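# here are the coordinates; sequence isn't available:
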């Protein structure tokens, strides 16, 4: 993973597609037009872009070091937990953080604690330290309440009611929440690391990627700006298994210390991708984003006036507005929106979403390398496109991966959704009768072929959008755009692939998250509206929300059974039976 490179041409039709700069690490200045040759240009304040000399396509430059940092942050749970492999705790000792397994002669056993935990002495500095307890709950006085707290946490019980029901204090609750989170991460990591190791046979995978917005309450009445965060998730269509719930937040960092260090080292004066803290939102980034928001709002209003006068399909309008927003940004891949109604967190630090996205897809690629084919259906976002191509570029060239945008109308009433599904079925049945086809499925394929031929091109990239022929109640109307069409699939293959396009698996998980996690209860209707709102059950510390979300992902994947009496992990092959929460806590 240390040799990661995400800076290359992302135009799938270009000879330089997925070809890193040549020579790697040198200043990009060649202009020969050969594959792998790039120049560096500027696209705005502090934003260098990579210009491909073959196709002249522009790609904002990202810090590879920051991407690797975020991969390690998100994928830390996949590393094996070493409960029996402690190290010297003296920061001034040469053996500090050097584990016993790496230097067995540097330590000696030094008795045990009253509960039987082994103690050690460091030969270098003479200090003693305690190893990890043989059981995860060894030091807990009320370990019998862990399972109750776990169950209440994932069933939308507010924190105040958990304290009352479990008969514990607030301090005890937060300690237990941290413990439950650690055990869930360790359990999920142990299971999912088998995917990265290639120990699980995987079928062709059809994945859906989207993100969900969350609001964290303001901490002080004098400053009533809320904190907006987004979590990215990817779910498998067949099993329902959710890969990652990546919140663009790092709770291990102190904002004051990072800001002070960034000022002292001159980090704020550097162009964004060349900074030490490239992946983090600094105060200077926030100021620029607020100014950028004004331009984006003005561009949306102007574009809406033009589009709504000529386009009647609301989904086409929505897709066109997304493109207009992307083009109005200095960084076409950065969709984070910040205005004066939001602020940065006081605890921990926000991560730039493009780095969260890039790390999410890089980890996904690492986990699913054994899948013979991967079809990825994503919500329309230029950041998603760039991050997914960066992670799956090699597989796209090998034709074992394909990427699609999916635009869904989610704003209809239940009655309107049912009517839309009935109307779509009537069209298919009439078409089937007209063409003399045997099944409704054949009619849908033929309809999609006709619609592909009439695809609507949007924006300067001329992405081709096609209406779906078989909507469902959860997605009563949707458009599909095939991002990696290299012209090598026949029309029947294209039509069948597009019929599979959906965001429903990940949206279903997000819906359950809203219903089962009290801190995520109220939806944010828009990333540009409903800002200064106080949520009765909302979090005040983003780290608490992050723990809740990651706990629920583990519960959803390994504990919740469906109508087939299986969990998503069982359907994927990661588990044999549904897991009881106590099993996860004591693993």
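Now that the structure is in, tell me what you want to look at. Nothing here was measured: the structure is a model prediction, and the numbers come from that model. Residues are numbered from 1 along each chain as shown.

# quick check: end-to-end length of stretch 46-60?
End-to-end distance of stretch 46-60 (Cα to Cα, to the nearest Å): 11 Å.

# from the contact counts, what lies against the lengthiest strand in the chain?
In terms of residue count, the longest strand belonging to the chain (DSSP state E) is strand 205-216. Here strand 205-216 touches strand 227-236, strand 374-379, helix 504-516, helix 542-558, going by 3 or more Cβ pairs under 8 Å, 6 or more residues apart in numbering; DSSP states H and E. Yep, even glycine has a C-beta here, placed from its N, CA and C like the rest.

# I'd like the average pLDDT over the next helix or strand after the longest one.
Stepping forward along the backbone from helix 542-558, the first helix or strand reached (DSSP states H and E) is helix 568-572. In this model, helix 568-572 has a mean pLDDT of 97.

# including mean pLDDT and distance to residue 16, could the helices and strands packed on strand 205-216 go into TSV?
Shown next, in TSV, are those (pLDDT from 0 to 100; distance: least, Cβ to Cβ, whole Å):
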stretch	mean pLDDT	distance to residue 16
strand 227-236	93	27
strand 374-379	97	22
helix 504-516	94	32
helix 542-558	95	37
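
# just want the angle from the longest strand of the chain to helix 504-516.
Angular relation of strand 205-216 and helix 504-516 on a 0 to 180 degree scale: 30 degrees, by axes from the mean of the first three to the mean of the last three Cα atoms, to 10 degrees.

# out of the helices and strands packed on strand 205-216, nearest to residue 86?
Taking Cβ to Cβ, helix 542-558 is the member of these nearest to residue 86, at 24.2 Å.

# buried set for the closest one?
542-558 (16 or more other Cβ atoms under 10 Å).

# that helix: how far from the chain's middle?
Its chain's average C-alpha position is 13 Å from that of helix 542-558, according to Cα atoms, centre = their mean, to the nearest Å.

# kindly report the same for stretch 463-478.
Chain-centre distance of stretch 463-478: 23 Å, with Cα atoms, centre = their mean.

# tell me the contacts of the nearest residue to residue 546 once chain neighbours are set aside?
Counting by Cβ to Cβ, 6 or more residues apart in numbering, residue 247 is the residue found nearest to residue 546 once chain neighbours are left out, at 5.0 Å. Residues near residue 247 by Cβ atoms under 8 Å, 6 or more residues apart in numbering: 214, 229, 230, 231, 356, 542, 545, 546, 549.

# and residue 247, what are its bridge partners?
As for beta bridges, residue 247 partners with residue 231 under DSSP bridges.

# just give me the residue closest to the centre of this protein.
For the chain, the residue sitting closest to the mean C-alpha position, by Cα atoms, centre = their mean, is residue 232 at 2.7 Å.

# I figured that one hits residue 360, correct?
Yes: checked against Cβ atoms under 8 Å, the pair residue 232 and residue 360 is within contact range at 5.0 Å.

# who touches both of these two?
Counting by Cβ under 8 Å, 6+ apart, the shared contacts of residue 232 and residue 360 are 244, 246.

# hey, which helix or strand in this protein has the poorest pLDDT?
Lowest on mean pLDDT, DSSP states H and E among the helices and strands of the chain sits helix 283-308, with a mean of 83.

# just the helices in the stretch 401-550 of the chain please.
Assigned by DSSP state H, counting those that start in this stretch, the helices in the stretch 401-550 of the chain fall at 414-435, 440-453, 491-499, 504-516, 542-558.

# just those helices: most buried one?
Among the helices of the stretch 401-550 of the chain, ranked by average contacts under mean count of other Cβ atoms under 10 Å, first place goes to helix 542-558 (a mean of 23).

# related to what we said a few turns ago, which pair in the contacts of residue 247 has the greatest spatial separation?
Maximum pairwise distance among those (Cβ to Cβ): 14.8 Å, between 356 and 545.

# quick one: list the elements packing against the least confident helix or strand of the chain.
For helix 283-308, the packing partners by 3+ Cβ pairs under 8 Å, 6+ apart come out as helix 314-328.

# what's downstream of the helix it packs on, the next helix or strand?
strand 349-350.

# who does that following strand pair up with?
Here strand 349-350 is paired, per DSSP bridges, with strand 249-250 (antiparallel).

# which residues does whichever helix or strand comes after the strand it pairs with contact?
Later in the chain than strand 249-250, the nearest helix or strand by DSSP H and E is helix 255-264. Outside helix 255-264, the residues that touch it by Cβ under 8 Å, 6+ apart are 267-268, 275-277, 280, 282-283, 344-349.

# cool, and stretch 156-167?
Applying Cβ under 8 Å, 6+ apart, the contact partners of stretch 156-167 are 145, 148-149, 152-153, 168-170, 173, 515-518, 521, 537.

# ok, now with 7 Å
Stretch 156-167 has contacts (Cβ atoms under 7 Å, 6 or more residues apart in numbering) with 145, 148-149, 152-153, 169-170, 173, 515-518, 537.
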